[in-house]
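Novice: Mind looking at a prediction? Sequence and model below.
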Amino acid sequence: MDGRILFVNQRKADMFTSSVDDLIGLNAFDLFTKETRERAKSLLPALIEKGILENFEGEVQRSDGTVFTAELNLTIIEDTYGNPEYIMDTIRDITDRILTQKALEESETRYRTVVENMNEVLMMTDNSHRILFVNKRFSEKLGYSFAEIAGKNWHKCLVNNIQLEINANEEDKKLSNNHEVILISKDGQKINFMVSEAPVTDINGNVIGTISAMTDITERKLAEKEHRKTLKLFETLAQMSPVGIFRTDANGHTTYVNQKWEELSGISSENAMGNGWFEVVHPDDLIRIQKQWHVKVEGKNNSSDQYRFIRPDGKIVWVLGNALPEIIDGELIGYIGTITDITEIKEYQEKLLKSETKFHEMADLLPQTIWETDINGKITYSNIYGIQQLGFSVEQIEKGINVLDTLIPEDRERAKNNIQKRYLNGKSSGEEYTGVKSNGSTYSALVYTSPIYENGSPIGLRGVSIDITEIKKAHQGWNYTRTTWNYL
């Protein structure tokens, strides 16, 4: 009973990496580590009292100093008088079991840490949809503690969806993956979840339940709803718009046109998709438009251009096309643009051009200088006679000559004041100035002027200059002759 070893079998000797003879006589308590030895001694009174101690675990030292974990079962052997005489033990090396158990516990801890801190709601149910486990995120999202929800059928307590109940039997047969469901929280709030499911099996491979990972997509669903509302509003406005509207992808390929666009081009939206709309662009504009559109898309730049459609009915429609890039987070996702019918404007411009051409042709036939200036006095037009009269070239006129510079310096201030009067009072009845040509020679001019208005405001001056040099000379001669005649 003092702990000396009296007998040991070979198996135990091998366990201690020692021989039987070396172990005989040693104190069994000395084979324990200090902590285990103290525990073993503290349990000795209980062992003597009960006569048995089962499943005692502790650390034991081998002869080479290494330590292993052992499980001991101790029994008291009594003498013929019933007094405790010996202690018999059986020992088993449980190091591998302890290491496995420790690894399992660590794995369980890691698993639970992951499960409890994952962003997704996790729920495990049996084949009758009764809840067996939920993680912390479940409680945070839905407001139920595990104690409140455990064992309940989640179809009945969490879902307000008749269709889900109808499909319950189908779900038993085949688990659905990545489907949406609306769950009702404890406070009655509806929460949208995206659910991914997997079967739970026993050691024999039999399905005993389901584990569901659920991601809250409520905000995404709200965003999708708002996006649909925005698209609907866009489509409504687009259909009501008096201009053609189109959208493209990042490569500039058309993905949408509104009804007005179809009216202007004469083709359907289906035929306009991709690069289909090029088919109705006027051949004289097509290559230019294709090149410019490609450059704009490559550079992610705004686009603005005028071009013609040849409708299937043969009608030509002039349009002004404008497009802006849609850029999100620095990435081009496409273009949105408009086309405006400018056919009437083009027709008016053509008529105006013809009118101006006719005016210029008639002006070039006149033996007087016909000219126009902008609001600052820069000559913007002169007929051929005027150019020849002043001696300036067309290039000089285009570069910029101020009308005051065609007068002698002494007349310029008076002419400037008269121009201001014209802007206030309208056309003049004629003012006489001395003009100066490019070569420095002078001539007498009678000038008639009238302001040019646009939207009610003066934007320049239009005038006629008549060379009266010869008339003045003749008048001077007549005066001289009359004076001589009177003298005689």
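Specialist: That came through, no problem.

Novice: how distant is stretch 146-161 from the center of its chain?
Specialist: Distance, stretch centre to chain centre, for stretch 146-161: 39 Å (C-alpha atoms, centre = their mean, to the nearest Å).

Novice: Need the contact partners of that stretch.
Specialist: 123, 125, 128-134, 138-139, 142, 164-165, 168, 181-184, 186, 190 (C-beta atoms under 8 Å, 6 or more residues apart in numbering). The way it works is simple: take the backbone N, C-alpha and C, and place the C-beta from them, glycine included.

Novice: out of those, which are buried?
Specialist: 123, 125, 129, 131-134, 138-139, 142, 164, 181, 183-184 (16 or more other C-beta atoms under 10 Å).

Novice: May I have the strand or helix carrying residue 220 exported as PDB, CA atoms only?
Specialist: Assessed by DSSP states H and E, residue 220 sits inside helix 218-240. This file holds the C-alpha atoms of helix 218-240, laid out as PDB (Å, rounded to 0.1, in the frame of the first residue of the first chain):
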ATOM      1  CA  THR A 218     -33.800  43.300 -48.500                       C
ATOM      2  CA  GLU A 219     -31.800  46.400 -49.400                       C
ATOM      3  CA  ARG A 220     -31.000  44.900 -52.800                       C
ATOM      4  CA  LYS A 221     -34.600  44.200 -53.500                       C
ATOM      5  CA  LEU A 222     -35.500  47.700 -52.500                       C
ATOM      6  CA  ALA A 223     -32.800  49.000 -54.800                       C
ATOM      7  CA  GLU A 224     -34.100  46.800 -57.600                       C
ATOM      8  CA  LYS A 225     -37.600  48.100 -57.000                       C
ATOM      9  CA  GLU A 226     -36.400  51.700 -57.200                       C
ATOM     10  CA  HIS A 227     -34.400  50.800 -60.300                       C
ATOM     11  CA  ARG A 228     -37.500  49.300 -61.900                       C
ATOM     12  CA  LYS A 229     -39.400  52.500 -61.000                       C
ATOM     13  CA  THR A 230     -36.700  54.600 -62.500                       C
ATOM     14  CA  LEU A 231     -36.600  52.500 -65.700                       C
ATOM     15  CA  LYS A 232     -40.400  52.700 -65.900                       C
ATOM     16  CA  LEU A 233     -40.300  56.500 -65.500                       C
ATOM     17  CA  PHE A 234     -37.500  56.700 -68.100                       C
ATOM     18  CA  GLU A 235     -39.600  54.600 -70.500                       C
ATOM     19  CA  THR A 236     -42.700  56.700 -69.900                       C
ATOM     20  CA  LEU A 237     -40.800  59.900 -70.500                       C
ATOM     21  CA  ALA A 238     -39.000  58.500 -73.500                       C
ATOM     22  CA  GLN A 239     -42.300  57.500 -75.100                       C
ATOM     23  CA  MET A 240     -43.700  61.000 -74.400                       C
END
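
Novice: ok, so of the buried ones among the contacts of stretch 146-161, who is nearest residue 460?
Specialist: residue 181 (74.0 Å; C-beta to C-beta).

Novice: On the three-state scheme, that closest one is what?
Specialist: strand (DSSP: H, G, I helix; E, B strand; the rest coil).

Novice: Same check on residue 370?
Specialist: From three-state DSSP, the assignment for residue 370 is strand.

Novice: if I look at it, how far off is residue 442?
Specialist: 21 Å (C-beta to C-beta, to the nearest Å).

Novice: And these two? Which one has more around it.
Specialist: residue 370 (20 against 13; other C-beta atoms under 10 Å).

Novice: Phi and psi next, for the spatially most central residue of the chain.
Specialist: Compute the mean C-alpha point of the chain, and by C-alpha atoms, centre = their mean the closest residue is residue 328, 3.3 Å away. Listed backbone geometry of residue 328 is phi -120, psi 130, with angles given as degrees, to the nearest 10.

Novice: ok, it to residue 250 distance?
Specialist: Taking C-beta to C-beta, one finds residue 328 at 11 Å from residue 250.

Novice: and if you look at residue 454?
Specialist: 42 Å.

Novice: about what we covered before: which pLDDT value goes with the residue nearest to the centre of the chain?
Specialist: Predicted confidence (pLDDT) for residue 328: 85.

Novice: ok, now residue 136?
Specialist: So residue 136 comes in at 89 (pLDDT).

Novice: I figured it hits residue 113, correct?
Specialist: No. With contact defined as C-beta atoms under 8 Å, residue 136 does not count as touching residue 113 (10.5 Å).

Novice: Would you mind identifying the next helix or strand past the helix holding residue 220?
Specialist: strand 244-248.

Novice: so what secondary structure elements neighbour that next one?
Specialist: Applying 3 or more C-beta pairs under 8 Å, 6 or more residues apart in numbering; DSSP states H and E, we find strand 244-248 packed against strand 254-257, helix 259-265, strand 316-328, strand 331-341.

Novice: Could you save those as CSV and add columns showing distance to residue 84?
Specialist: Below are the helices and strands packed on strand 244-248 laid out as CSV (distance: least, C-beta to C-beta, whole Å):
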stretch, distance to residue 84
strand 254-257, 95
helix 259-265, 106
strand 316-328, 87
strand 331-341, 86
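
Novice: and residue 353, how many neighbours?
Specialist: By other C-beta under 10 Å, neighbour count at residue 353 equals 10.

Novice: Show me which residues of the strand or helix carrying it are buried.
Specialist: Element membership of residue 353, judged by DSSP H and E, is helix 343-365. Using 16+ other C-beta under 10 Å as the test for burial, helix 343-365 gives 346, 363.

Novice: could you give the angle of it to strand 316-328?
Specialist: 120 degrees (axes from the mean of the first three to the mean of the last three C-alpha atoms, to 10 degrees).

Novice: give me the low-pLDDT residue ranges for the stretch 351-488 of the chain?
Specialist: The model of the stretch 351-488 of the chain has pLDDT under 70 over residues 475-488.

Novice: ok, 80 please
Specialist: Scanning the stretch 351-488 of the chain for pLDDT under 80 picks out 355-357, 359-360, 362-366, 425-429, 472-488.

Novice: Okay, domains of the chain per the record?
Specialist: 10-99, 119-216, 247-341, 354-473 (automatic domain parsing).

Novice: Can I get those in TSV including distance to residue 106?
Specialist: Shown next, in TSV, are these (distance: least, C-beta to C-beta, whole Å):
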stretch	distance to residue 106
domain 10-99	10
domain 119-216	19
domain 247-341	42
domain 354-473	85
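
Novice: can you count the residues close to residue 386?
Specialist: There are 23 residues near residue 386, going by other C-beta under 10 Å.

Novice: residue contacts, it?
Specialist: 369, 370, 371, 465.

Novice: Name the nearest of those residues relative to residue 85.
Specialist: Closest to residue 85, out of all of the contacts of residue 386 and judged by C-beta to C-beta, is residue 371, at 143.5 Å.

Novice: Would you check that that closest one makes contact with residue 465?
Specialist: Yes. Residue 371 lies in contact with residue 465 (C-beta under 8 Å); the separation is 6.9 Å.

Novice: could you pull out the strands for the stretch 1-150 of the chain?
Specialist: Remark: strands assigned in the stretch 1-150 of the chain by DSSP state E, counting those that start in this stretch are 52-61, 67-78, 84-93, 121-126, 131-134.
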